[in-house]
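[1] This is a predicted model, with the sequence first.
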Amino acid sequence: DVSADDAEFWDELWKIPSSGEEVFELISPEAARKLRDDRFDNLATLFTQATAQLCQIVETPYNIYFDQALNCARVLTRILPFLLEKGDLGDPDENVEHLCWGTGAGQPGDEKIGLVVGDDTSTIPTEGPQPEEEQEPLALLVVHAAMHMLFLPQFTCDYFEEKESKKRIKSYLTATKEDKAMRAEAGLGNTRQVEAGVILLPKPASVVWAAGAGVTPDQLGLDASTRKYDKNRIEVLRLLLSSCCDPLFSPADEYNPLASRWLAVAVAADAPNAICLFYSLLNTILGYDPSGMGVPYSGAFASDNHIKLVELSAQVLCVLLDCGLPGSPQMVQNNETEPIVEFEEASKGGFNVFRTLLARMDTAKELSFVFRGFSALLKNVYESKITLLPNSTIKLECFQELLVLLWKFLEENPMFMNHVLTQENVNQLIVPICYLMYQSRRDPAQIGLVHICTFVLLKLSGERSFGVGLNKPFKTKLPCDLPLFSGGHADLVAITLHKLVVNGAYKLVPLYSCFLTIICNISPYWRKMSLVAAVKLVNLFELFSSPKFLYSGEQAHRHLALLLEVFNNIIQYQFSGNHHLVYAIIRRKDSFGRLASLTLQKAQAQCHKVYGDHATVYNDADKAPMSMIDSSGNAVDDHSADVPFTPTEEWLSEMKASLPLETVSRLLQHLVPVVDDIVARKQGVVDEMEILEILKDVTMVGLLPVPHAIVIRKYQPNQYTALWFTAFMWGVIFLRNQNLPMFDGQAIELFQVSVQEDDD
């Protein structure tokens, strides 16, 4: 036991050089928990002293103290997760509560941490408590110290001028006519003018780590692009990540994104340097060029620390954007035309300054920077494997974090989706997403990756511009066994999703409805389907209409309804360019005929033949856990999956009523005789190209039913998917921080951690 008053001991301790590896080796998970549970006073002293050291260094940032600062940061990074195991979202502990959130009066109540916004001291209560009661909680001091240290001169940034050129800021903030038109199109209306609020500008802008969104190169210092501070930035970001790991210790079904006070402090309006941090993280990630401007092996000259900083920045930004409430995209300015958030809004519970900044990004220049950054980084997943010279391009490993960030932009910034679909080439995102899905389809460890890619495609497919944009020719050579085809990006999407159904892991079954919905949403705009894609889609129809699948559950026929809707959309709205699909349907006419003529007796006989007397639900996607939610996102208690399914008259009537077979039936009724006539005239020896040429010239005007209305199924945000994203994101962060294992899997509740034993 060492007294907190033994200044000489603590001073010497923090001066001892130690690496992160040494600290983590010295304080094992067992030792940390034993310290917390059996010798809490010692842990409290260590925590308090390390925090005090950081606060002192923030107040007097001299070079001679920087090594001490790093030692303190490493110790806190190690012990914080074990404190948070007993924190807001974990198993509560009175000692931990008092240590982290006590304010000097012996009562750990967090009313002392009231949100203070703006610079006006009149907003701070002055009457009531005694001076010793006004001490800030240690938890708040740790988070604030970390955020200060990320912008400490000569430690994590260069020296800076406090004053900023107002002229330069104003020129950056001036919106163009196009920007105003985009805002109007997104339904954001006019900018509101108020007298005062929390300013949402990076001040001083010169400390932001990289140019891009929020700051221009000329706002940064002369040595702005330096990477000499990367190592220190990594250490402090790890501390910030460690202090925000509360969600790991909450059971998934109890998780509340507003419950963690640690996260609330980090994203509050008064969090120091929060705006500079948002733009630093975002620009560090999206400004990184993994191709090295096209110079082979340029990555060999890049620092490993910078790649680590890019990847860690992505993780920290994901965490900071995942708590609290979504930000309002409505632009508000003060009398100086500076973007602000009103004091009343900023002081509400759940306010998140990072989500507000993300929602407020509204200039074409910034949105283009964001899109091009995502495009360049995601393309790295396949470009790093198809270089002429072996290993000449660095391969980034943070593509899952990038997909989470991309999702956040699509969900929370109303202008980003519109900008991507109308001003950029969205296919630059679609190709790497399809590649990742295709390559991950059989790997049980990558099921989450396939899910997030599916959600992104589903979100985009709800927009008409997306379906139209997919018609652009696909010419990229991907390093995988993708079937050769000549067509557009819609073909790539369909062929990829077909492969996931016929050759994917069983755990992908719950996503079948999503896969088919994506294809259905883009089908009305699909101008010219390739032969390969046409055959694949008709193959899917045969698969889903086969007895093994059709009788796997009461709702299994929903997949057939979606596929028939795909065929109907193309026949009714894009007939002239899709002779390949028409011919594929004609060739498989028996599959459609069997379904149309299905009787109850046949259905029961087929079901009995496949499943015997004890039918079991094996493949019914609608009974799988991912799909068991209602339209509001609430879990549905459904035990019907346990009941063997047997076809009934009621089921058959419902199925036939739900399957839109009329358009395909009319098509076959008129075109099958045409094809049969060609085959008869050629005595059975006929070239398929000849049939295709004849089908090109056929018109179905007046022969098909009246065209149906186009139905687009849009992704609806719900609590269930929000929780899934949180669990997925933290699962990725947990796995990606195993070199120095920041988090011990033993106490994690948000997801299940299983350790695979070595064979030897």
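    Perfect, thanks for sending it.

[2] hey, let's count contacts and neighbours off CA atoms from now on
    Fine.

[3] Tell me the spacing between residue 374 and residue 289.
    Residue 374 sits 10 Å away from residue 289, going by C-alpha to C-alpha, to the nearest Å.

[4] which one of the two has more residues nearby?
    Neighbours per residue, other C-alpha atoms under 10 Å: of residue 374 and residue 289, the larger number sits with residue 374, 23 against 15.

[5] for this structure, what are the low-confidence residue spans?
    Along the chain, the parts satisfying pLDDT under 70 run over 1-17, 104-134, 160-175, 221-225, 292-303, 387-392, 613-643, 684, 756-760.

[6] Would you mind confirming that residue 549 is in contact with residue 558?
    No. The pair residue 549 and residue 558 does not pass the contact test of C-alpha atoms under 8 Å, sitting 11.2 Å apart.

[7] I figured residue 422 hits residue 467, correct?
    No. Here residue 422 lies out of contact with residue 467, judged by C-alpha under 8 Å, at a distance of 11.8 Å.

[8] Those two - which one has more neighbours?
    With other C-alpha under 10 Å as the criterion, residue 422 and residue 467 differ in neighbour count, and residue 467 comes out ahead with 23 against 13.

[9] Where does the more buried one fall, secondary structure wise?
    helix 464-469 (DSSP states H and E).

[10] Buried ones in that helix, by neighbour count?
    465, 466, 467, 468, 469 (16 or more other C-alpha atoms under 10 Å).

[11] who's in contact with that helix?
    Contacts of helix 464-469 with the rest of the structure, by C-alpha atoms under 8 Å, 6 or more residues apart in numbering, involve 421-422, 425-427, 460-461, 490, 521-526.

[12] count of neighbours near residue 91?
    Taking other C-alpha under 10 Å as the criterion, the count of residues near residue 91 is 12.

[13] hang on, it is in a strand, isn't it?
    No. Counting by DSSP: H, G, I helix; E, B strand; the rest coil, residue 91 is located in no strand; its state is coil.

[14] so how far is residue 511 from it?
    On the measure of C-alpha to C-alpha, residue 91 and residue 511 end up 34 Å apart.

[15] do residue 63 as well
    In this structure, residue 63 lies at 55 Å from residue 511, with C-alpha to C-alpha as the measure.

[16] buried ones in stretch 424-434?
    So, applying 16+ other C-alpha under 10 Å, buried residues of stretch 424-434: 425, 426, 427, 428, 429, 430, 431, 432, 433, 434.

[17] Is the fourth one in contact with residue 373, as I believe?
    No. Between residue 428 and residue 373 there is no contact under C-alpha under 8 Å: 10.9 Å.

[18] got any residues that touch both of these two?
    Between them, residue 428 and residue 373 have no joint contacts when contacts are counted by C-alpha under 8 Å, 6+ apart.

[19] Quick check: next helix or strand after the helix holding residue 467?
    Sequence-wise, the next helix or strand downstream of helix 464-469 (DSSP H and E) is helix 489-503.

[20] residue contacts, the closest residue to residue 446 other than its chain neighbours?
    Ranked by C-alpha to C-alpha, 6 or more residues apart in numbering and with sequence neighbours excluded, the top spatial neighbour of residue 446 is residue 440, at 5.7 Å. The contact partners of residue 440, by C-alpha under 8 Å, 6+ apart, come to 446, 447, 449, 450.

[21] among those residues, which are in helices?
    In helices, judged by DSSP state H, the following of the contacts of residue 440 are found: 447, 449, 450.

[22] so which of those comes closest to residue 227?
    Closest approach between the ones in helices among the contacts of residue 440 and residue 227, by C-alpha to C-alpha: residue 449, at 31.0 Å.

[23] ok, the closest one touching residue 437?
    Yes. Counting by C-alpha under 8 Å, a contact exists between residue 449 and residue 437, whose distance comes to 7.4 Å.

[24] Need the nearest residue in space to residue 242, chain neighbours excluded.
    Distances taken as C-alpha to C-alpha, 6+ apart put residue 77 closest to residue 242, at 5.5 Å, once the chain neighbours are dropped.

[25] Could you tell me how many residues sit around that neighbour?
    Other residues near residue 77 number 25, with proximity taken as other C-alpha under 10 Å.

[26] by contact count, what packs against the helix or strand that contains residue 239?
    Taking DSSP H and E as the criterion, the element that holds residue 239 is helix 230-243. Taking 3 or more C-alpha pairs under 8 Å, 6 or more residues apart in numbering; DSSP states H and E as contact, the helices and strands that helix 230-243 lies on are helix 66-84, helix 138-149, helix 304-320.

[27] Identify each buried residue in the shortest one, please.
    Of all the residues in helix 138-149, those buried under the rule 16+ other C-alpha under 10 Å are 138, 139, 140, 141, 142, 143, 144, 145, 146, 147, 148, 149.

[28] repeat for the longest one
    Of the residues in helix 66-84, those scored as buried under the neighbour-count criterion (16+ other C-alpha under 10 Å) are 66-84.

[29] cool, stretch 179-188 as well?
    Residues of stretch 179-188 classed as buried under the neighbour-count rule (16+ other C-alpha under 10 Å) are 179, 180, 182, 183, 186.

[30] show me the contacts for the first one.
    By C-alpha under 8 Å, 6+ apart, the contact set of residue 179 is 362, 363, 364.

[31] from those residues, which would you call buried?
    Those of these that meet the buried threshold are 362, 363, 364, by 16+ other C-alpha under 10 Å.

[32] wait, which of the buried residues of stretch 424-434 is closest to residue 730?
    Compare each of the buried residues of stretch 424-434 with residue 730 using C-alpha to C-alpha and the shortest gap goes to residue 433, at 20.6 Å.

[33] Go ahead and confirm the closest one touches residue 452.
    No. Distance between residue 433 and residue 452: 9.4 Å, which falls outside the contact criterion (C-alpha under 8 Å).

[34] ok so, going back, mind putting the buried ones among the contacts of residue 179 into a markdown table with distance to residue 536 and secondary structure?
    Converted to a markdown table, the buried ones among the contacts of residue 179 look like this (distance: C-alpha to C-alpha, whole Å; DSSP: H, G, I helix; E, B strand; the rest coil):
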| residue | distance to residue 536 | secondary structure |
| --- | --- | --- |
| 362 | 41 | coil |
| 363 | 41 | coil |
| 364 | 39 | helix |
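
[35] Distance to residue 325 added to these, as JSON lines?
    Rendered in JSON lines, the data for these read as follows (distance: C-alpha to C-alpha, whole Å):
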{"residue": "362", "distance to residue 325": "19"}
{"residue": "363", "distance to residue 325": "23"}
{"residue": "364", "distance to residue 325": "25"}
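
[36] ok, residue 341 to residue 356 distance?
    When distance is defined by C-alpha to C-alpha, residue 341 is 8 Å away from residue 356.
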